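> Let's see this in three dimensions:
(one chain, ligands or ions: 1)
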Amino acid sequence: MAAESPPPDDLDEDTSATNNDQGPVFILYLDEPDLSRELDLLKKWVADLLTPTYLHEPTPDHPWCPQWWDHDEAVALLHGIWLAWQKLTDPQSCDFTDPDRWHFDNLYPALDRLRAAGGPLQRCMTDRNKPTHRPAQHVRWTDELPHQPQHMSVPLTSQPITHRT
Ligand SMILES: [Zn+2]
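Numbers count the residues shown, from 1 in each chain. As a prediction, the model looks like this:
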């Protein structure tokens with residue numbers, strides 16, 4: 001008898017992108033079309049659960065961005081807490097205390113960083129009536145350091161220090 005072929009891969013379409021048996025892939029490492037698919041699912045989760053339940057009025061101390069997906073750090077943070085939410089609220093595997101853990105271990109620390117006055121959305125909306133979106137300027141870490149003028153260098157053998165008496 002011939003071996004049966006494996007069943008078709010018809011896993012739940014509502015879960016995040018996975019790397020076969022190795023678990024989810026960090027969203028910033030995804031290429032198209034997986035990136036767009038994952039981002040669409042994340043946007044839906046943020047709109048359906050996060051925004052109406054956990055996001056309060058934007059203020060200068062707690063900014064928000066109506067186009068958060070244009071901020072890589074926001075995408076990474078929100079994707080991380082979404083992945084954790086999927087694991088810690090899955091009725092097939094979660095414990096009674098996992099939803100509570102999700103709040104205090106994942107959600108609140110991520111929101112504290114995301115909505116901090118100096119966080120990734122700091123240049124965006126701080127007033128509900130003034131939707132603002134100004135993506136951050138990223139550090140260009142490949143830039144060369146500016147040339148140090150010769151007179152700034154200090155020789156190892158400097159003149160002896162004299163004290164006034
Ligand atoms: Zn923005």
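> Count the residues that sit near E38.
Number of residues near E38 (other C-beta atoms under 10 Å) recorded here: 19. All C-beta spots, glycine's among them, are computed from the backbone N, C-alpha and C.
> what about stretch 87-99, start to end distance?
Stretch 87-99 has an end-to-end distance of 9 Å (C-alpha to C-alpha, to the nearest Å).
> Buried residues in that stretch, which are they?
Neighbour counts over stretch 87-99 (16 or more other C-beta atoms under 10 Å) mark 88, 98 as buried.
> got it, and stretch 61-71?
In terms of neighbour count (16+ other C-beta under 10 Å), stretch 61-71 has its buried residues at 62-65, 68, 71.
> Next, format these as CSV and append distance to L121 and pLDDT.
Shown next, in CSV, are the buried residues of stretch 61-71 (distance: C-beta to C-beta, whole Å; pLDDT from 0 to 100):
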residue, distance to L121, pLDDT
H62, 9, 93
P63, 5, 94
W64, 6, 94
C65, 5, 93
W68, 7, 94
H71, 6, 94
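> mind putting these in CSV, secondary structure included?
What follows is these, written out as CSV (DSSP: H, G, I helix; E, B strand; the rest coil):
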residue, secondary structure
H62, strand
P63, coil
W64, strand
C65, coil
W68, helix
H71, coil
